[in-house]
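> sequence first, predicted coordinates after that:
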Amino acid sequence: MKKYKYIAFNKPFGVLTQFTGEINDRTLADFNFPKDVYAAGRLDKDSEGLLILTDDGVFNQKLTNPKSEKEKTYYVQVEKIPTEKSLDILRAGKVNIQNYYTLPCRVEKLDDFEIEPRVPPIRERKNIPTSWLSITIKEGKNRQVRKMTAHIGHPTLRLIRVSVGKFKLEGIEPGKWIEVSPNDIL
């Protein structure tokens, strides 16, 4: 019986979630993963944080199929300070993104939140404050969280996925990975 591999990777900013790219692209091939593992889901090049990789196709389906409704939590730095009313729009779901309506989600403000600055740094405007949110969704459409925050007038400046299913991205430095068990995630 085959022994499958399950990897939790802290994807740095600017890395594609694929093993090939154009010249000068940083890809998953730069991080010495075991042979034959692939990303279970995606994080766009501009996003950071937890990415699960595996060679187990059944597990990949359980994790990424929208019908499974596996939760993913993101820490999101947005432009300006959202009101509770605008956050309630996200919480209720029904945000129209290219003829798709989002499901309800959990959104909380992260007061006094500090995290290591990104390299390269986010764009900042002197007269426009930023704030951090925790957003937990059960789906994962292309650039969904970015589109949701833009919908309420608060563009995303930085996005970090901090959990998938039960697994939390704690103690794994950017660019590093560890082997985990499927029970750690599902």
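Received it, and whenever you're ready, just let me know what you need.
> ok, the residue positioned nearest the centre of the chain to Gln98 distance?
Taking CA atoms, centre = their mean, the centroid of the chain lies closest to Arg161, which sits 3.2 Å from it. According to CB to CB, to the nearest Å, Arg161 and Gln98 sit 21 Å apart. In short, each C-beta sits where N, CA and C put it, glycine included.
> how about Ser163?
In terms of CB to CB, Ser163 sits 26 Å off from Gln98.
> so for these two, which sits in the more crowded spot?
Ser163 (19 against 7; other CB atoms under 10 Å).
> what's in contact with the host helix or strand of that one?
Assessed by DSSP states H and E, Ser163 sits inside strand 156-164. Contacts of strand 156-164 with the rest of the structure, by CB atoms under 8 Å, 6 or more residues apart in numbering, involve 41, 43, 46-52, 63, 70-79, 115, 118, 122-124, 130, 134, 145-146, 149-150, 168-169, 185.
> packing partners for the helix or strand sitting right after it along the chain?
Downstream of strand 156-164, the next assigned helix or strand under DSSP H and E is strand 167-168. Helices and strands touching strand 167-168, by 3 or more CB pairs under 8 Å, 6 or more residues apart in numbering; DSSP states H and E, are strand 48-54.
> what are the boundaries of the strands in this protein?
6-11, 38-39, 48-54, 72-79, 96-97, 100-101, 106-109, 130-137, 156-164, 167-168, 177-179 (DSSP state E).
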